[in-house]
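J.: dropping a prediction and its sequence here:
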Amino acid sequence: MKLLITSLEQGLIFSILAMGMLITYKILDVSDLSVEGTFPFGAFLFARFISIGVNPILSTLLAFVFGTMAGLLTTTLFTKLKIRPLLAGILTMTILYSVNLKINGKSNIPLFSYRSIYDSGSTLLILLIIVLVVKILLDLFLKTETGYLLIATGDNEALVKSLGENSTKYKLIGLMIANGLVALSGALMAQYQGFVDITMGASIIVVALASIIIGDTIKKKSTWLKNTTRAIIGAIIYKIIGGIAIDLGLNPNDLRAINAIIVIVFIAYNNAASNLFRFKGKGGVQNA
Amino acid sequence: MLKITKLSKSFNKESDNELHIFNDFNLEIEENKCTAIIGPNGCGKSTLLNIISGSIMADQGEIMLDENDIGKLSEEKRAIHIGRVHQDPSMGVSPSLTILENMSLADKKGEGFALRKLVNKKRIPKYIELLKDLDLGLEDKLDTKVKFLSGGQRQSLSLIMAAMKFPDLLLLDEHTAALDPKTSHVVMSKTKELIDKYKMTTIMISHNMKDAIDYSDRVIMLDKGEIVLDKASKDITEDEIMDFYRSKLDEHLLQ
């Protein structure tokens, strides 16, 4: 039971990370590797604010706000300086590594002596509320004119231009929200584990991808299941799989390889399933 | 009216491969008429459309659309005045969105996009009316994602979306070239109905001589960036154009 609750709690924290990655990876079709730096950036920002006396809720919100700056930097690199998005993300991640060390002057900061957002009640309930608020706000945003243009930018930039809009603006909005969410997730994880560490972002992109990809395998053809819901369920399933693996005696050192294997297995399954679907659906499209 | 004056454009400037497409090119397109532009590959028809729409900037020249000098505007700013349907059916739509969502986006063109709800249910009857005009049954598929539509259906939807806000100029860039002959005919007929119904100033690029004559009011032939034929469609035949093509081909071969 304890394992299940821990997996649920961690899954909920990672679901915010996954919802951030959903915007870049799935909606905008941009491979933003900067999240590996933004996740600890959010954690280090939280540590900084809480240590100077800011209350935990505001510290967490500030991690989100400053986290958006990482998205601003990556977008500037690839839209204004014409650096490939993949490299732009790596450069932001590299810059953030040094920034993270500078924020508090240390690579590891214990947070046990400070208050946390979880102090006011059940950790699971608090996380559930935060995740639901993020999901509802993101869903509402994606139903707005701006939100739809964000989706259209990832789909077909030519359409966005033909509507008289600058697609760069929507990439910027998307990357800023995504990085803000990743930083928020980092701040929540820092409070959950009680410390901040410079390595806490390593391979985090695989966790986010795994969550999105697992989420995609659930009821593939369903249209009522929103992408945000899929990301949340995906993150929770992913953490439960990881928790069971460790409970069964998996060496934690092997966890990263297992994470990558989980991603490979689910991508392979998704590809095989969609090929099968295409084969079955052949000739099914009506001609005009 | 569209008036292009002293337009010049060349590619690969100051290199051995420098290519002059237009040099002191002038063109006037009459209001509420459909003008077809034809010509062999490389004659400059697509470049001309790209220059008008702003996806390529001219080196020199003035482009006046009604009273607006659009030549210096960005592609996005020009798009407020211009509707364009591309050759590729997926270029004018957002495939992962539904027909209703795509039409709602097109409906907001020029009004600015903000944090308001996109889909306005009060506008749905208008969308249904427009889709019914197409006679493709799309009015019953408002909630279908565009990626599930056929090429012809997508292109028809692109056409409606491009024309929905009555642009000052409609550009049709070989918009039926990627479709099979039967679908191409359906889309061309619907295009003609739409242009006539709303009296839209249109420039249509086509490789199909018959379509160019049948569906336009005026036919212009370009060759090496110059107008070599300019006649009312009713005064020209397909054979005449083909003869002209052959003579031009002979000239090219003799050079």
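T.: That came through, no problem.
J.: buried residues in the helix or strand hosting residue A:49?
T.: According to DSSP states H and E, residue A:49 maps onto helix A:35-51. Using 16 or more other C-beta atoms under 10 Å in any protein chain shown as the test for burial, helix A:35-51 gives A:35-50. From N, CA and C alone the C-beta is placed, and that goes for glycine too.
J.: name the nearest of those residues relative to chain B.
T.: residue A:35 (22.6 Å; C-beta to the nearest C-beta).
J.: hmm, that closest one is touching residue A:23, no?
T.: No. The criterion here is C-beta atoms under 8 Å, and residue A:35 misses it with residue A:23 at 10.9 Å.
J.: and for the two, which residues touch both?
T.: When contacts are counted by C-beta atoms under 8 Å, 6 or more residues apart in numbering or on different chains, residue A:35 and residue A:23 are jointly contacted by residue A:178.
J.: where's the residue positioned nearest the centre of chain A, which helix or strand?
T.: Closest residue to the average C-alpha location of chain A: residue A:17 at 2.4 Å, with C-alpha atoms, centre = their mean. Residue A:17 belongs to helix A:2-21 when elements are defined using DSSP H and E.
J.: cool, residue A:206 as well?
T.: In the assignment (DSSP H and E), residue A:206 maps to helix A:204-217.
J.: tell me which residues in whichever helix or strand comes after that helix are buried?
T.: Downstream of helix A:204-217, the next assigned helix or strand under DSSP H and E is helix A:227-247. Of all the residues in helix A:227-247, those buried under the rule 16+ other C-beta under 10 Å are A:227-240, A:242-243, A:245.
J.: now stretch B:2-10
T.: Applying 16+ other C-beta under 10 Å to stretch B:2-10 flags B:2, B:4, B:7, B:9 as buried.
J.: around chain B, pick out the residues from chain A.
T.: Applying C-beta under 8 Å from any C-beta of the partner chain, we find that chain A lies next to chain B at A:141, A:143-149, A:151-152, A:155-156, A:158-159, A:161-166, A:285-288.
J.: ok, whatever residue of the stretch 51-200 of chain B ends up closest to chain A - how many residues close by?
T.: Closest to chain A within the stretch 51-200 of chain B is residue B:152: 2.9 Å, counting by C-beta to the nearest C-beta. For residue B:152, the neighbour count with other C-beta atoms under 10 Å in any protein chain shown is 25.
J.: any weak-confidence spans in chain A?
T.: Scanning chain A with the threshold set as pLDDT under 70 gives A:221, A:274-288.
J.: quick revisit: nearest to chain A, of the buried residues of stretch B:2-10?
T.: Among those, and counting by C-beta to the nearest C-beta, the member closest to chain A is residue B:2, at 17.7 Å.
J.: can you list phi and psi of the residue nearest to that closest one when sequence neighbours are not counted for me?
T.: Excluding the flanking residues, the one nearest residue B:2 by C-beta to C-beta, 6 or more residues apart in numbering or on different chains is residue B:29, at 4.0 Å. In terms of degrees, to the nearest 10, the main-chain angles of residue B:29 are phi -110, psi 120.
J.: over to the one 5 residues further on?
T.: Backbone torsions for residue B:34, taken as degrees, to the nearest 10, come to phi -100, psi 120.
J.: residue contacts, it?
T.: So residue B:34 contacts B:192, B:195, B:200, B:202-204, B:215-218 (C-beta under 8 Å, 6+ apart).
J.: now do residue A:232
T.: Counting by C-beta under 8 Å, 6+ apart, residue A:232 makes contact with A:11-12, A:15, A:18-19, A:131, A:135, A:215.
J.: endpoints of stretch A:241-252, how far apart?
T.: End-to-end distance for stretch A:241-252, by C-alpha to C-alpha, to the nearest Å: 13 Å.
J.: hmm, who's touching it?
T.: A:3-4, A:6-7, A:10, A:255, A:258-259, A:262.
J.: who wins for neighbours among those residues?
T.: residue A:10 (23 neighbours).
J.: checking my notes, residue B:61 in a strand, right?
T.: Yes. The assignment for residue B:61 by DSSP: H, G, I helix; E, B strand; the rest coil puts it in a strand.
J.: residue B:226 - how many residues pack around it?
T.: By other C-beta under 10 Å, neighbour count at residue B:226 equals 14.
J.: and stretch B:120-132, which residues are buried?
T.: B:127-128, B:130-131.
J.: how about those in JSON lines, adding pLDDT, distance to residue B:101 and secondary structure?
T.: Output for those, formatted as JSON lines (pLDDT from 0 to 100; distance: C-beta to C-beta, whole Å; DSSP: H, G, I helix; E, B strand; the rest coil):
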{"residue": "B:127", "pLDDT": "95", "distance to residue B:101": "11", "secondary structure": "helix"}
{"residue": "B:128", "pLDDT": "95", "distance to residue B:101": "15", "secondary structure": "helix"}
{"residue": "B:130", "pLDDT": "91", "distance to residue B:101": "15", "secondary structure": "helix"}
{"residue": "B:131", "pLDDT": "93", "distance to residue B:101": "14", "secondary structure": "helix"}
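J.: and these, which two are furthest apart?
T.: B:128 and B:130 (7.4 Å; C-beta to C-beta).
J.: let me know how buried residue A:117 is, in neighbour terms.
T.: When counting by other C-beta under 10 Å, one arrives at 22 neighbours for residue A:117.
J.: my guess is it meets residue A:56, correct?
T.: Yes. Between residue A:117 and residue A:56 a contact is recorded at 4.5 Å, counting by C-beta under 8 Å.
J.: can you tell me how far residue A:207 is from chain B?
T.: 25 Å (C-beta to the nearest C-beta, to the nearest Å).
J.: circling back to that earlier point, can you verify my assumption that the residue of the stretch 51-200 of chain B closest to chain A contacts residue B:179?
T.: Yes. Applying C-beta under 8 Å as the test, residue B:152 and residue B:179 come out as touching, 5.4 Å apart.
J.: what touches both of the two?
T.: B:89, B:187.
J.: on that earlier part again, tabulate the contacts of residue B:34 (TSV), appending secondary structure.
T.: Shown next, in TSV, are these (three-state DSSP):
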residue	secondary structure
B:192	helix
B:195	helix
B:200	coil
B:202	strand
B:203	strand
B:204	strand
B:215	helix
B:216	coil
B:217	coil
B:218	strand
